[in-house]
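Engineer: Based on what follows, work out the 3D shape:
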Amino acid sequence: MRIGELAERAGTSTRTLRYYESRGLLPARRDGNGYRTYDEEDLRLLRQIRTLQDFGFDLEETRPFVECLRAGHPSGDSCPASLAVYRRKLTELDGLIGRLGEVRDQVASQLAEAEAEAEAEAETAGPRCEMTG
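Structural biologist: Prediction:
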């Protein structure tokens with residue numbers, strides 16, 4: 001298939017495919033007319049890359065998975081290098097979750113203080129009179 005068809009089937013743009021090619025993640029095969037040509041295996045590679053990116057992996061982190069598929073493994077996450085990337089990503093996510101928990105606690109504390117101050121201010125202000133015209 002040509003680059004336009006691959007892009008359509010993968011749900012991406014031809015520009016993205018050319019970028020992946022320049023990064024060595026997608027093979028750069030050309031036919032006799034100089035057109036880029038791709039096959040179902042390339043679509044499989046792209047789907048692996050896209051899935052991982054949807055999970056928050058950066059492009060370089062997808063490389064071990066692509067290489068695993070290219071080596072003939074049935075899935076991109078069945079190689080030791082892929083498993084190592086998963087482990088690193090989980091550690092990174094755990095750190096982010098921990099930090100988000102800390103930030104949430106700080107925001108909750110600030111809200112509680114602000115509400116207490118507003119309540120105290122309302123109690124000491126007394127009744128308000130409004131002039132009508």
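Engineer: Geometric centre of this protein: which residue is closest?
Structural biologist: For the chain, residue 56 is the residue whose C-alpha lies nearest the centre (Cα atoms, centre = their mean; 2.3 Å).
Engineer: what number of residues lie near residue 22?
Structural biologist: Using other Cβ atoms under 10 Å, the number of residues around residue 22 comes to 10. Every C-beta, even on glycine, is put in place using the N, C-alpha and C of the backbone.
Engineer: just to revisit the earlier point, from residue 110, how far off is the residue nearest to the centre of the chain?
Structural biologist: From residue 56 over to residue 110 the distance is 28 Å, taken as Cβ to Cβ, to the nearest Å.
Engineer: Repeat that for residue 123.
Structural biologist: In terms of Cβ to Cβ, residue 123 sits 21 Å off from residue 110.
Engineer: just residue 13 next, same as before
Structural biologist: Between residue 13 and residue 110 the distance is 43 Å, computed by Cβ to Cβ.
Engineer: Look at the two and report which has more neighbours.
Structural biologist: Neighbour count, other Cβ under 10 Å: between residue 13 and residue 110, residue 13 has more, with 13 against 10.
Engineer: quick one, what contacts that one?
Structural biologist: Contact analysis of residue 13 by Cβ atoms under 8 Å, 6 or more residues apart in numbering lists residue 7.
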